[in-house]
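Asks: Mind looking at a prediction? Sequence and model below.
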Amino acid sequence: DEFPDQLAHIPVDLDLVVTNSSGKPVAIAADRLPHAKTIAVVDSPNRGRDILPFVSVVNAGLLDSAELILKVHTKKSSWRDSREDFAGSGEDWKAGFLGDLLGSTDNVIQILSTFAEDPSLGVVTSTGSVLGTEYWGGDEAITRSLLRRLGRELDATTLRFPAGSMYWVNPAVLGELKKLKLDSDDFEPEAGQIDGTTAHAIERSVGLLAAGLGLAVEDRTTMPQPRNTSAWREYASS
């Protein structure tokens, strides 16, 4: 229920794509989304958490005309509740993402203005969510195999990725994701896994795909501040 209120902070027209793995119809409160030009609901199998649904949207070309993309999802991450090495619950983590990536119109204007000014910016995620090689876990081999689909060899020493899979992203990065030609057969059945799956490897690959294009991966505090806070108007419809 918090998503319409958060998305209403975006000050320009947008196309909203909602993926639904619940097996039930999902109702979208269009009256709470004043800037949504179009709203599409795409049903998807419950594999890879948010990742297979997102890949399905990318592969279907629904984002091909986008100038900038925000990816958010109804993160639960209930496994965090019993882990002392992670601060906060899954709900806390989701709230942090939404606050940093949306949160207020002024905050969104800053993010949009920076992307409009800086063509070298690939991904912006929430504070503290850009992680590195210490978080390879059991995902290195799968990631290596994915990159070989693009004719690339993995340099495992350069990992920098947006953990949690919520971010603003340059569409060029998703163009590379589309080239992987992933489908549902690439994803393991859902079994509550917290590491070592295709979904976790793609989470890491987003950072590597951005770096391969020479694009930066930043969090909300390391993202450059815009020089012109009116630059966001580039994304407004003419």
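Replies: Happy to help now that I have it.
Asks: In CSV, list the C-alpha atoms belonging to the helix or strand of the chain with the lowest mean pLDDT.
Replies: None of the helices or strands of the chain scores lower by mean pLDDT, DSSP states H and E than helix 90-101, at a mean of 91. Output in CSV follows, covering the C-alpha atoms of helix 90-101 (Å, rounded to 0.1, in the frame of the first residue of the first chain):
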residue,chain,number,x,y,z
GLY,A,90,13.4,-7.0,5.8
GLU,A,91,10.7,-4.4,6.3
ASP,A,92,13.2,-1.9,7.6
TRP,A,93,15.5,-2.6,4.6
LYS,A,94,12.6,-2.0,2.2
ALA,A,95,11.6,1.3,4.0
GLY,A,96,15.2,2.4,3.6
PHE,A,97,15.2,1.8,-0.1
LEU,A,98,11.9,3.6,-0.6
GLY,A,99,13.0,6.6,1.5
ASP,A,100,16.4,6.9,-0.4
LEU,A,101,15.1,6.3,-3.9
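Asks: Packing partners of it?
Replies: Helices and strands touching helix 90-101, as assessed by 3 or more C-beta pairs under 8 Å, 6 or more residues apart in numbering; DSSP states H and E, comprise helix 2-7, strand 121-125. All C-beta spots, glycine's among them, are computed from the backbone N, C-alpha and C.
Asks: How far does it sit from its chain's centre?
Replies: Between the centre of helix 90-101 and the centre of its chain there are 13 Å (C-alpha atoms, centre = their mean, to the nearest Å).
Asks: and the helices and strands packed on helix 90-101 as a markdown table, adding distance to Met166?
Replies: As requested, the helices and strands packed on helix 90-101 are exported to a markdown table (distance: least, C-beta to C-beta, whole Å):
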| stretch | distance to Met166 |
| --- | --- |
| helix 2-7 | 11 |
| strand 121-125 | 6 |
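Asks: now, of the ones you listed, which is deepest in the fold?
Replies: Neighbour counts averaged per stretch over the helices and strands packed on helix 90-101 are highest for strand 121-125, at a mean of 26; criterion: mean count of other C-beta atoms under 10 Å.
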